[in-house]
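**Student:** just to be clear, the model below is a prediction. Sequence and coordinates:
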Number of protein chains: 2
Amino acid sequence: MKTKAYGAQASDKSLEPMDIERRPPGPHDVQIDIAFCGVCHSDLHTVRSEWGGTQYPCVPGHEIVGHISAVGDQVTGFKVGDTVGVGCMVDSCQHCGSCSEGLEQFCESGFVGTYNGKTPDAPGHTLGGYSQQVVVNDRFVLKIHHPEDQLAAVAPLLCAGITTYSPLRHWGAGPGKKVGVVGIGGLGHMGIKLAHAMGAHTVAFTTSESKRQDAHDLGADEVVISKNPEDMARHAGSFDFILNTVAASHDLDAYTRLLKRDGTLCLVGVPEHAHPSPNIGQLIFGRRAIAGSLIGGIAETQEMLDFCAEHGIVADIEMIPAQKIDEAYDRMQRSDVKYRFVIDNGSLAA
Amino acid sequence: MKTKAYGAQASDKSLEPMDIERRPPGPHDVQIDIAFCGVCHSDLHTVRSEWGGTQYPCVPGHEIVGHISAVGDQVTGFKVGDTVGVGCMVDSCQHCGSCSEGLEQFCESGFVGTYNGKTPDAPGHTLGGYSQQVVVNDRFVLKIHHPEDQLAAVAPLLCAGITTYSPLRHWGAGPGKKVGVVGIGGLGHMGIKLAHAMGAHTVAFTTSESKRQDAHDLGADEVVISKNPEDMARHAGSFDFILNTVAASHDLDAYTRLLKRDGTLCLVGVPEHAHPSPNIGQLIFGRRAIAGSLIGGIAETQEMLDFCAEHGIVADIEMIPAQKIDEAYDRMQRSDVKYRFVIDNGSLAA
């Protein structure tokens, strides 16, 4: 089954229209007509093979929303016409300890990424959501209960949403807790919305005074300009949890010293150049921790989508046709987007 | 009240005999005739002002055991003749959140260290256990239930014991858990004994093949030579918790990659030169954490002493007279001690 897509033929090539092959739905598969697909920094890193190991042609996209156009004969949870989403994973071993606990992102055999993952389907690696259709095992398909007119803005929840929701839940963000969110970009803007909706006293950290009002509008109870040492010092030892969405190399000590005893600074981005080595004394004198978190499991992703539908949460997006993807990548690299580009996959028919 | 002690008059001076003043016991005070005092690396760092801020004369020592020679009239929990201990703390605010939770080591006003801490007593800073007597608020005095002939070997429990016991308990070392202990010195040898006694599958890490049998004798179920990459690789992703007692700068990634999902690498020593910056990807892909831990609270220290008495656990020690302290410091710096020097405070009368 041929479907139109947008992808790159090599690391130094721009994305271009291409026809790709999708497998016919097997007994447990769901075939989705993709309506919208969010644009994640990982898409850009992978297309350009900045992390190495990219296989071409590369069709990125793992913030997929759309409608079911066919289901396999063993599929019981979904039917044609359902509004659904697919995130960063399309498969995993489904039987290891992590998979059994609903933490497929930590599958001991490695999960199958929505793009650039290993698959028996042509061309031997998975192709993502910058395409008209995708066929996915039903265990990795999520139900969407948001109003249909919000669908484009739901797409980023599938990666940016779950990547921030999961650590906020894991480390207990909620009423009575003071939670920080560092960075106000694609991930950070979701972190602020989610922490606020969970009932935590939410503090946004940004280097830019110009983002102060935006951060309040997103739901931050307080905004701290992280370049201002006095502003930072006022919050010393006061945070239960800080979610750090900034992947660029920076001083982590500035945040560990803001944690209470037993507080955790959680990182969700791998820096290209290492952060300065953190001050271990600040961990010891306060039993603090620096931790990492990776997207979230499938059950938790469904929980997040349901939570967002209930609380009226979607991403703030700028819609683009697939043909504008290069320009969107350039602007994303300059953080010139509030806060996530989403491709209108209808544009692929053009 | 004059008492004989061993201390330094300046950072570049050797320790020497001196007479110091102890306050008369107040209503809530306990006066202790010190029998033995363990020798901790912190003693050496402080005497030489290697961390800065040392006040002189400096009398170190915070692994104190002895017998009560007087009690204040409001003291109800202790009586003359009781065998007791004093660790790293002799006071704290006793009313902040941390103190209320029994975590005086994280007192929000800062705990009063057993030496070089602020006190109204002469000479304005606390003087430690390299002395014949000490007077301590009864809330910071611990009961010792070990047999009297083990008393010298109990002394190191007051710092090395609690510094390893507290994180092992906090992070759930016990049956069904695989726990690593990095470094087989004063702290590490206690960590191995304690993790083993708690029922964890205990793995000792050492750079030195020559310590393999010793580590087994201390209670390690397995010993890994950390310089051997193949030996290390066999344990990848398998540890619930690793207690790292090595303060010298080293590669933490070698240990974070041995953690299971949600595992923690806990550091208890501040390196003089920063560790190489840890690989954040290894934290993210496994939701792992690097944390710190500081001694333990008073209630937990009592729990540790009771646990050790019940399980017949003491430190492995080499007894010295106070007059040999310089030589002991030199040997301690070369890790030439199995595993803790303890001063026989009877030698101070000489």
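**Tutor:** Happy to help now that I have it.
**Student:** which of the helices or strands spans the residue nearest to A:Gly161 when sequence neighbours are not counted?
**Tutor:** Nearest non-adjacent residue to A:Gly161, counting by C-beta to C-beta, 6 or more residues apart in numbering or on different chains: A:Met190, 5.1 Å away. Glycine gets a C-beta too; all of them are placed from N, C-alpha and C. Take DSSP states H and E as the rule and A:Met190 turns out to sit in helix A:186-197.
**Student:** return the distance of the longest helix along chain A from the chain's centre.
**Tutor:** Longest among the helix segments of chain A by residue count, using DSSP state H, is helix A:298-311. Chain-centre distance of helix A:298-311: 14 Å, with C-alpha atoms, centre = their mean, to the nearest Å.
**Student:** mind listing what the helix or strand just after that helix pairs with, with the direction of each?
**Tutor:** Per DSSP H and E, the first helix or strand lying C-terminal to helix A:298-311 is strand A:317-321. Strand A:317-321 pairs in its sheet with strand A:340-344 (parallel), by DSSP bridges.
**Student:** who touches the strand it pairs with?
**Tutor:** The contact list for strand A:340-344, computed with C-beta atoms under 8 Å, 6 or more residues apart in numbering or on different chains, reads A:6, A:36-39, A:61, A:63, A:129-130, A:152-153, A:155-156, A:160, A:186, A:189, A:315-322, A:325, A:328, A:331-332.
**Student:** OK, contacts around A:Asp12?
**Tutor:** Neighbour list for A:Asp12: A:Arg48 [criterion: C-beta under 8 Å, 6+ apart].
**Student:** pLDDT score for the closest residue to A:Arg212 other than its chain neighbours?
**Tutor:** Using C-beta to C-beta, 6+ apart and skipping residues adjacent in sequence, the residue nearest A:Arg212 is A:Val223, 4.8 Å away. Looking at A:Val223, its pLDDT is 98.
**Student:** so which elements touch the helix or strand where A:Val223 lies?
**Tutor:** Using DSSP H and E, A:Val223 sits in strand A:222-225. Packing partners of strand A:222-225 (3 or more C-beta pairs under 8 Å, 6 or more residues apart in numbering or on different chains; DSSP states H and E): strand A:201-206, helix A:212-218, helix A:229-233.
**Student:** and the gap between A:Glu50 and A:Ala254?
**Tutor:** Distance of A:Glu50 to A:Ala254, given as C-beta to C-beta, to the nearest Å: 27 Å.
**Student:** what of A:Asp33?
**Tutor:** Taking C-beta to C-beta, one finds A:Asp33 at 46 Å from A:Ala254.
**Student:** and the residue of the stretch 51-200 of chain A nearest chain B?
**Tutor:** Going by C-beta to the nearest C-beta, chain B is nearest to A:Phe106 of the stretch 51-200 of chain A, at 4.8 Å.
**Student:** can you tell me the SS state at the closest residue to that residue other than its chain neighbours?
**Tutor:** Counting by C-beta to C-beta, 6+ apart, A:Phe106 lies nearest to A:Ser98, which is 4.0 Å off, once chain neighbours are set aside. Of the three states, A:Ser98 takes helix under DSSP: H, G, I helix; E, B strand; the rest coil.
**Student:** neighbours around A:Ser98, how many?
**Tutor:** Residue neighbour count, defined by other C-beta atoms under 10 Å in any protein chain shown, stands at 23 for A:Ser98.
**Student:** against B:Val179, how distant is it?
**Tutor:** Distance from A:Ser98 to B:Val179, by C-beta to C-beta: 21 Å.
**Student:** do the same with A:Leu151
**Tutor:** 48 Å.
**Student:** looking at the two, which one has more neighbours?
**Tutor:** Neighbours per residue (other C-beta under 10 Å) separate A:Leu151 from B:Val179, with B:Val179 holding more: 26 against 19.
**Student:** anything in the helix or strand hosting that one near chain A?
**Tutor:** Using DSSP H and E, the element containing B:Val179 is strand B:178-182. No. Remark: strand B:178-182 sits outside contact range of chain A, by C-beta under 8 Å from any C-beta of the partner chain, the gap being at least 13.6 Å.
**Student:** packing partners for that strand?
**Tutor:** helix B:186-197, strand B:201-206, strand B:239-244.
**Student:** which residues touch it?
**Tutor:** Contacts for strand B:178-182 (C-beta under 8 Å, 6+ apart): B:164, B:168, B:173, B:188, B:191-192, B:195, B:200-205, B:220, B:224, B:226, B:235, B:238-246, B:255, B:258, B:260.
**Student:** from those, keep the buried residues only.
**Tutor:** Buried subset of these (neighbour count, 16 or more other C-beta atoms under 10 Å in any protein chain shown): B:164, B:168, B:173, B:188, B:191-192, B:195, B:200-205, B:220, B:224, B:226, B:235, B:239-246, B:255, B:258, B:260.
**Student:** which residues of chain A lie near chain B?
**Tutor:** So chain A meets chain B at A:98, A:103, A:106, A:108, A:170, A:237, A:261, A:264, A:267-271, A:274-294 (C-beta under 8 Å from any C-beta).
**Student:** and these, which of them are in strands?
**Tutor:** Judged by DSSP state E, the subset of the residues of chain A next to chain B located in strands is A:261, A:264, A:267, A:289-292.
**Student:** check the secondary structure at A:Asp330 for me.
**Tutor:** helix.
**Student:** distance check, it against B:Leu243.
**Tutor:** The value you get for A:Asp330 to B:Leu243, if C-beta to C-beta is used, is 48 Å.
**Student:** and if you look at A:Lys13?
**Tutor:** From A:Lys13 to B:Leu243 the distance is 50 Å (C-beta to C-beta).
**Student:** ok, now which ones touch the residue of chain A most remote from its centre?
**Tutor:** Distance to the chain centre peaks in chain A at A:Phe285, reaching 33.2 Å (criterion: C-alpha atoms, centre = their mean). Residues near A:Phe285 by C-beta under 8 Å, 6+ apart: B:106, B:292, B:294.
**Student:** cutoff 10 Å now
**Tutor:** For A:Phe285, the contacting residues are A:257, A:261, A:279, B:105-106, B:110, B:270, B:292-294, by C-beta atoms under 10 Å, 6 or more residues apart in numbering or on different chains.
**Student:** over to A:Ser249?
**Tutor:** A:271-276, B:277, B:280.
**Student:** cool, and A:Asp91?
**Tutor:** By C-beta under 10 Å, 6+ apart, the neighbours of A:Asp91 are A:104, A:107, A:111-114, A:117-119, A:126, A:136-137, A:139-140.
**Student:** buried subset of those residues?
**Tutor:** Judged by 16+ other C-beta under 10 Å, buried ones among the contacts of A:Asp91: A:104, A:107, A:111-114, A:117, A:126, A:136-137, A:139-140.
**Student:** re the thing from before, ok, now how distant is the residue nearest to A:Phe106 from A:Asn116?
**Tutor:** In terms of C-beta to C-beta, A:Ser98 sits 21 Å off from A:Asn116.
**Student:** do A:His196 as well
**Tutor:** Distance, A:His196 to A:Asn116, by C-beta to C-beta: 34 Å.
**Student:** now swap in A:Gly85 and tell me
**Tutor:** 19 Å.
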